[in-house]
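In: Sequence below, structure please.
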Amino acid sequence: MTMSATLSIPLSNAAAGSAECFCPLPDGRLLRITATRRPRANRAEVKCVVAGAPMLSERMQEVVRLARHTEVLFDSREQVVLSLEPAPPAGERGWELAAVLADRMVRGVWLAPAGGVAAYGWSDAWHLGRLDGGQRLANAGRGSNIREECQLLLGGSVDVADSAAVQLSHIGALHGHADPAGALSRARAWFPLHSGGINDSLAWVEVCVRPLQAEETCEEEDTIAAPGLDLTAQQAVRQALGGARHFDGRALGRWRTVVRFSQTRFQGSSYQLALVMADRLARGREFVPRGRLIASGCSAAWHAGRVDTVEGREAKTELILRQAAPGDRVLLPHAWRQELDDGAYAELAGALKAKGASLACIERIGLI
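Out: Coordinates of the predicted model:
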């Protein structure tokens, strides 16, 4: 079968009931994994087809089933059928990550970028979500058969020259979740970045924590680093996290923390609620959402757990509603709920629910 020389836009998993994910090989070839869904009707929940390779089909089914153990919820009413073409060389396992992504895309568990997605990676512990193997493709390069607008995902911690490639040390990183099997715990939360133009987007903040060693004794703010921010913004991040951890009771003096932002050139403090929630997720103090955690809010009293209002309610709720995806959890200040009449709030909550997302307007953290 002749393969296209370049990566095409994937089929819509919502409208067509199918999705595609590509797997570039180090030798330059491009594998295509197609996933379709249909009513289960007493059939197996996963069926895999690779022409002339029954053992490979069994391995693909095993990979997908194990990877589903890392999902918070699972709907068994539908069957997913995956096919792989052409068959990869013997011993090649880089297609495993692409198969898992195709399975999640067709079921709406993960929303793929509009420009398409290609992935290379594997795992020896899919039930834990740990990933590896991306370094092999990174050494070979991106390849001319992958378009620039296509998102390339690589498994494991790799050194890659392609700045657009995304590295996934574990499958939960797709949604910003922490890795429960690692000594380092990372989590992300998203917040609306509103500038009144085409650059409006959901930006993310990532918090990475590791336990302090017994001999490491220092002030809480000295254990928090926020590279890429100016000194004023770094101090604001330290004060917000320090105050929110004080509210937890026994969270002070236990973690060394690194905070990263996808966008560092922003003003205001509406990112703070997302920052605090990402920190709570990384430290295991919050329930993990099925999708992303999207939040907007600040506080003048994080030590009391209070959530205050921020400006730009209409523009930010419109942006969140436009970019919400199935499984997302949206947290907004309770003051915004008071500013909306019952009809407007019900309309916002209903629109998010129709997209598979949930909404909560909160006065304090820890009571969600």
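
In: Which residue ranges of the stretch 101-250 of the chain form helices?
Out: 134-140, 231-248 (DSSP state H, counting those that start in this stretch).

In: Please identify the deepest-packed of the ones you listed.
Out: Of all these, helix 134-140 carries the top mean neighbour count, a mean of 20, counting by mean count of other CB atoms under 10 Å. In this view, the C-beta of every residue, glycine as well, is placed from N, C-alpha and C.

In: For Phe74, give its distance to Glu92.
Out: 28 Å (CB to CB, to the nearest Å).

In: Ranked by average pLDDT, which of the helices of the stretch 101-250 of the chain falls at the bottom?
Out: Sorting those by mean pLDDT places helix 134-140 lowest, at a mean of 73.

In: Show me the one of the helices of the stretch 101-250 of the chain that comes nearest Ala301.
Out: Ala301 lies closest to helix 231-248 among the helices of the stretch 101-250 of the chain, at 7.4 Å (CB to CB).

In: Show me what the closest one is packed against.
Out: Judged by 3 or more CB pairs under 8 Å, 6 or more residues apart in numbering; DSSP states H and E, helix 231-248 is in contact with strand 224-225, strand 255-261, helix 272-282.

In: Let's have the helices of the stretch 101-250 of the chain in a markdown table, adding distance to Ala19.
Out: Shown next, in a markdown table, are the helices of the stretch 101-250 of the chain (distance: least, CB to CB, whole Å):
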| stretch | distance to Ala19 |
| --- | --- |
| helix 134-140 | 21 |
| helix 231-248 | 37 |
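
In: looking at those helices, which is closest to Arg306?
Out: The nearest among those, by CB to CB, is helix 231-248 at 8.8 Å.

In: got the CA coordinates for the closest one in CSV?
Out: Extracted C-alpha coordinates of helix 231-248, given in CSV (Å, rounded to 0.1, in the frame of the first residue of the first chain):
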residue,chain,number,x,y,z
LEU,A,231,12.2,39.3,40.2
THR,A,232,8.8,40.9,41.0
ALA,A,233,6.9,38.0,39.5
GLN,A,234,9.2,35.4,41.1
GLN,A,235,8.4,37.0,44.5
ALA,A,236,4.7,36.9,43.8
VAL,A,237,4.8,33.2,42.9
ARG,A,238,6.8,32.4,46.1
GLN,A,239,4.3,34.4,48.3
ALA,A,240,1.3,32.8,46.7
LEU,A,241,2.6,29.2,47.1
GLY,A,242,3.9,29.9,50.6
GLY,A,243,0.6,31.3,51.7
ALA,A,244,-1.5,28.5,50.2
ARG,A,245,0.8,25.8,51.8
HIS,A,246,0.4,27.5,55.2
PHE,A,247,-3.3,27.0,54.7
ASP,A,248,-2.7,23.2,54.3
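
In: between it and helix 272-282, how many degrees?
Out: For helix 231-248 against helix 272-282, the angle by axes from the mean of the first three to the mean of the last three CA atoms, to 10 degrees is 50 degrees.

In: which residues are contacting helix 231-248?
Out: Contacts with helix 231-248, where a contact means CB atoms under 8 Å, 6 or more residues apart in numbering, come from 207, 220-221, 224-226, 229, 251-252, 257, 259, 264, 269, 272, 275-276, 279-280, 285, 299, 301-305, 365-366.

In: again, only using 7 Å
Out: Applying CB atoms under 7 Å, 6 or more residues apart in numbering, the contact partners of helix 231-248 are 220-221, 224, 226, 229, 251-252, 257, 259, 269, 272, 275-276, 279, 285, 302-305, 365.

In: List only buried entries from these.
Out: Buried members of the contacts of helix 231-248, counted by 16 or more other CB atoms under 10 Å: 220, 224, 226, 229, 251, 257, 259, 269, 272, 275-276, 279, 285, 302, 305, 365.

In: now the stretch 101-250 of the chain, which segments are flagged as low pLDDT?
Out: Scanning the stretch 101-250 of the chain for pLDDT under 70 picks out 138-144, 158-164, 180-183, 214-217.

In: distance of the residue nearest the centre of the chain from Met277?
Out: Nearest to the geometric centre of the chain sits His175, at 1.8 Å (CA atoms, centre = their mean). Using CB to CB, His175 is found at 13 Å from Met277.

In: quick one: furthest residue from the center of this structure?
Out: Gly52 (35.2 Å).

In: Do a quick rundown of the strands in the stretch 251-368 of the chain.
Out: Ranges of strands in the stretch 251-368 of the chain, per DSSP state E, counting those that start in this stretch, are 255-261, 293-295, 329-333, 358-362.

In: Which parts of the chain belong to which domain?
Out: 18-175, 185-362 (automatic domain parsing).

In: Quick check: end-to-end length of the shortest one?
Out: Using CA to CA, to the nearest Å, the gap from the first to the last residue of domain 18-175 comes to 21 Å.

In: what separates it from the chain centre, distance-wise?
Out: Chain-centre distance of domain 18-175: 15 Å, with CA atoms, centre = their mean, to the nearest Å.

In: what's the answer for stretch 244-258, then?
Out: The chain centroid and the centroid of stretch 244-258 are separated by 24 Å under CA atoms, centre = their mean.

In: got the phi/psi numbers for the residue lying closest to Ser296 once chain neighbours are set aside?
Out: Excluding the flanking residues, the one nearest Ser296 by CB to CB, 6 or more residues apart in numbering is Ser270, at 5.0 Å. The phi/psi pair for Ser270 (degrees, to the nearest 10) reads phi -70, psi -10.

In: Ser270 contacts Ile294, correct?
Out: No - Ser270 lies out of contact with Ile294 (CB atoms under 7 Å); the separation is 11.8 Å.

In: Now the common contact residues for these two.
Out: Shared contacts of Ser270 and Ile294, defined by CB under 7 Å, 6+ apart, are found at Phe191.
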